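Asker: The following block contains a protein sequence and its predicted model.
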Amino acid sequence: MIKREDLEKEALKKYSELRLTNLRFLNKKELQAFLENDQFTISNESLLKIFVERNERADINKRLNNDNFGLRAKLKSFTKNMTDWSKSEIVQQFKSIFGRVKKEDDQLLKEIGAISTETAREDLEKAEKVVDDAKRIADIYIKKYGNSKDEDVA
């Protein structure tokens with residue numbers, strides 16, 4: 001009795017255009033008949049298995065094509081942004097380094113995580129005011145309650 005693996009090897013040797021996956025859904029009897037008669041005679045069950053597998057592959061290919069279409073669109077958008085000089089990250093970096101970005105550009109800059117020098121100065125002034133207020137409150141506290149640094153804490 002010939003093993004299925006031997007029948008598969010013989011079929012692959014005889015028909016080099018076939019692959020093992022092509023023979024996967026044939027039962028041993030159908031595979032043996034194919035080798036003896038050079039014709040496929042397969043059961044409805046085997047044929048349905050083949051069709052189901054082909055449909056699954058077609059669905060996977062369709063999904064991959066859709067994914068590739070989306071990726072191509074993203075790539076096209078990315079390359080357009082890289083070649084659109086006014087939106088180029090390099091230009092934006094130069095603008096932020098040389099301070100040629102105005103406050104009106106903050107919305108665009110916010111998209112890339114940057115701000116104009118005017119906004120940065122305003123933020124620094126606000127921070128300085130907060131620090132000055134905290135220092136003033138600390139001075140009032142020290143006058144009222146004394147300096148706790150000088151006292152020994154038990």
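Answerer: Great, that's in hand.

Asker: longest helix of the chain?
Answerer: helix 44-83 (DSSP state H).

Asker: So which bits of that helix are buried?
Answerer: Neighbour-count burial for helix 44-83, counted by 16 or more other C-beta atoms under 10 Å, picks out 46, 49. Bear in mind the C-beta positions are built from the backbone N, C-alpha and C, glycine included.

Asker: counting contacts, what elements does that helix pack onto?
Answerer: Counting contacts by 3 or more C-beta pairs under 8 Å, 6 or more residues apart in numbering; DSSP states H and E, helix 44-83 packs against no other helix or strand.

Asker: Low-confidence ranges, this protein, go.
Answerer: Along the chain, segments meeting pLDDT under 70 span 78-117, 147-154.

Asker: Tell me the span between the first and last residue of stretch 18-37.
Answerer: In stretch 18-37, first residue to last residue: 17 Å (C-alpha to C-alpha, to the nearest Å).

Asker: Pull the contacting residues for residue 51.
Answerer: Applying C-beta atoms under 8 Å, 6 or more residues apart in numbering to residue 51 gives no contacts.

Asker: measure it to residue 135 for me?
Answerer: 81 Å (C-beta to C-beta, to the nearest Å).

Asker: now residue 10
Answerer: According to C-beta to C-beta, residue 10 stands 92 Å off from residue 135.

Asker: before we move on, what about residue 58?
Answerer: 72 Å.

Asker: Ok, residue 32 next?
Answerer: 95 Å.

Asker: burial count for the nearest residue to residue 30 once chain neighbours are set aside?
Answerer: Of all residues not flanking residue 30 in the chain, residue 42 sits nearest, at 5.0 Å (C-beta to C-beta, 6 or more residues apart in numbering). If you count neighbours by other C-beta atoms under 10 Å, residue 42 ends up with 18.

Asker: Lovely, talk soon.
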